[in-house]
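Enquirer: Output the structure for:
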Amino acid sequence: MTASAFDIAGRAVLVTGASSGLGEHFARVLAGAGARVAIAARRTDRIEALASEIGGGAAAVEMDVTDEASVAAGVAEAETALGPLGIVINNAGVTVTKAALEVSEDDWSRVIDTNLSGCWRVAQAAARRMAETGGGSIVNIASVLGLRSAATVPAYAAAKAGLIHLTRVLALEWARHSIRVNALAPGYVITDLNRDFLASEAGKRLVARVPQRRFAELADLDGPLLLLASEASAHMTGSVVVDGGHNCSTI
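Expert: Numbering: from 1, shown residues only. The predicted structure follows:
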């Protein structure tokens with residue numbers, strides 16, 4: 001395989017949940033690889049600042065993934081700004097950390113509606129366009145918690161497990177339209193929000209259960225992201241990659 005297989009220069013990409021965290025990082029990585037990026041989120045001040053910083057034709061797109069009309073309008077706006085979407089990074093998500101007995105109906109609904117139903121809305125809206133324009137790649141950002149269990153995040157874990165299976169179902173159905181659907185399922189990734197916790201004694205006990213004995217850095221996701229976004233993964237669909245070895249760890 002040649003290096004050109006990983007080329008996404010000039011491709012139009014939509015990244016949801018891109019106002020901070022993983023989404024912001026993914027937008028920067030894809031833009032750095034030459035893609036034209038639509039940065040989608042609810043916080044317009046953040047995405048406008050990021051689009052201005054990235055430059056290169058990056059577009060800020062207001063989108064609330066819990067609202068079907070907002071998703072449809074956001075996809076249309078991204079295509080107006082950049083042309084037909086070839087790549088979608090389905091990243092928007094929230095979490096509520098509470099014991100299962102304390103999770104309210106509103107807590108449950110907010111997490112499921114964002115992390116699972118929101119990804120479904122974006123994937124469907126984008127795929128409808130991709131089916132008309134020659135196909136593309138959808139990368140759903142799942143989690144190791146969709147594959148393994150942990151306490152105090154029941155809605156998040158259920159949503160990510162649902163997203164992993166949805167990834168496989170959509171991959172099966174949309175292959176006929178030349179649309180590939182894969183998922184990244186990272187474990188703990190070191191960010192500014194969790195850096196202190198992961199360095200604490202509790203974090204040290206946690207990392208001892210990771211087969212690689214380390215937490216992921218944001219840069220660890222760059223290669224897999226570019227693989228799934230590019231034609232280097234032309235024969236991959238329905239795959240779930242990157243979990244730091246969690247899924248093969250012993251009981």
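
Enquirer: contacting residues for the residue lying farthest from the centre of the chain?
Expert: What lies farthest from the middle of the chain is Glu201; by Cα atoms, centre = their mean that is 29.4 Å. Contacts here follow Cβ atoms under 8 Å, 6 or more residues apart in numbering; on that basis Glu201 touches nothing. Just so you know, the C-beta spots here come from the backbone N, C-alpha and C atoms, and that holds for glycine as well.

Enquirer: Could you report the separation of it from Ala232?
Expert: Distance of Glu201 to Ala232, computed by Cβ to Cβ, to the nearest Å: 41 Å.

Enquirer: Quick one: list the elements packing against the strand or helix carrying Ser137.
Expert: Assessed by DSSP states H and E, Ser137 sits inside strand 136-141. Packing contacts for strand 136-141, counted by 3 or more Cβ pairs under 8 Å, 6 or more residues apart in numbering; DSSP states H and E, involve strand 87-90, helix 118-133, helix 154-174, strand 179-184, helix 222-229.

Enquirer: quick one, phi/psi of Gly17?
Expert: The phi and psi torsions at Gly17 (degrees, to the nearest 10) take the values phi 60, psi 40.

Enquirer: Check Ala38 too.
Expert: Per degrees, to the nearest 10, the backbone of Ala38 is at phi -100, psi 120.

Enquirer: residue contacts, the nearest residue to it once chain neighbours are set aside?
Expert: For Ala38, ignoring the flanking residues on the chain, the nearest one in space by Cβ to Cβ, 6 or more residues apart in numbering is Ala78 at 3.6 Å. Each residue near Ala78 by Cβ under 8 Å, 6+ apart is listed here: 12, 14, 38, 40, 59, 61, 85.

Enquirer: Swap in 6 Å and give it another go.
Expert: 14, 38, 61 (Cβ atoms under 6 Å, 6 or more residues apart in numbering).
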